[in-house]
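**Student:** Test case, fold it:
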Amino acid sequence: MNLQEIHAGSLIAFSGVSLVSDLINLVTFGQWRQGITHVGIMGYTDEQRLLLFESTTLDKMPDELLGKPVNGTQVHELSKVIESYEGKIWLYPLVQELTPNQNVDLTQFLMATLHVPYDEQGAMRSAWLGLPGIPDYTHKDLKRIFCSEWIMAAYEQISVYKTLNASSWNPNRCIKQLRKDNIITKPIRLK
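**Tutor:** Sure thing, here's the model as predicted:
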């Protein structure tokens, strides 16, 4: 796969091999070492560089714009992430490419929410949603952001996908539902 063929709005999904990834898969009903444990989105910076926007605390790679590691929303060159990541990586292109206006709106949203702290509590709450008897008591709050929350908030902001609550999505559920609703295509393995 030529990385030059990747477009803004495409999702990059990860399946890690660490204990943290195994726990994410366990509580989000993912397949062992195959389920999606982290997700990011391709988008443009203000300088029109197409980069991977992701929210994590596990990446010690310097943020492309700050030049130092960040815990929370951050931006990286996809090729560097692919090279350094231990685990599997997939590309999920959008079924329908973004319009020019959606590209502008996505850039504005991602840049406005870049370098926001990571939401550990929100990520943990999203993992338990969907279990019988567990109410969805989360509310959308972008003061702190976890990975799939950022994706769903971005898609809602640019009118790609309507959701009642971006904060209620975990990585596995996010990818499964977007595939089911024909928003993203079948995955292309990058690593």
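
**Student:** after the helix or strand bottoming out on mean pLDDT in the chain comes which helix or strand?
**Tutor:** Of the helices and strands making up the chain, the lowest-confidence element is helix 19-27, at a mean of 52, by mean pLDDT, DSSP states H and E. Per DSSP states H and E, helix 19-27 leads on to strand 38-44 as the next helix or strand towards the C-terminus.

**Student:** List the contacts of that following strand.
**Tutor:** Identification of contacts with strand 38-44 by C-beta atoms under 8 Å, 6 or more residues apart in numbering yields 6-14, 16, 21, 24, 50-56, 58, 78, 103, 106-107, 110, 147-148, 150-151, 154, 171, 174-175. C-beta here means a position set from N, CA and C on the backbone, and glycine is covered the same way.

**Student:** Check the burial of residue 49 by counting its neighbours.
**Tutor:** Other residues near residue 49 number 12, with proximity taken as other C-beta atoms under 10 Å.

**Student:** For it, which non-adjacent residue is closest in space?
**Tutor:** residue 64 (7.6 Å; C-beta to C-beta, 6 or more residues apart in numbering).

**Student:** before we move on, what SS does the one you found have?
**Tutor:** coil (DSSP: H, G, I helix; E, B strand; the rest coil).

**Student:** Offset the numbering so it begins at 320, please.
**Tutor:** Shifting the count to begin at 320 puts that one at residue 383.

**Student:** List the residues that contact it.
**Tutor:** Going by C-beta under 8 Å, 6+ apart, residue 383 touches 364, 368, 370, 394, 395, 396.

**Student:** change it to 7 Å
**Tutor:** Residues touching residue 383, when contacts are defined by C-beta atoms under 7 Å, 6 or more residues apart in numbering, comprise 370, 394, 395, 396.

**Student:** Noted, bye for now.
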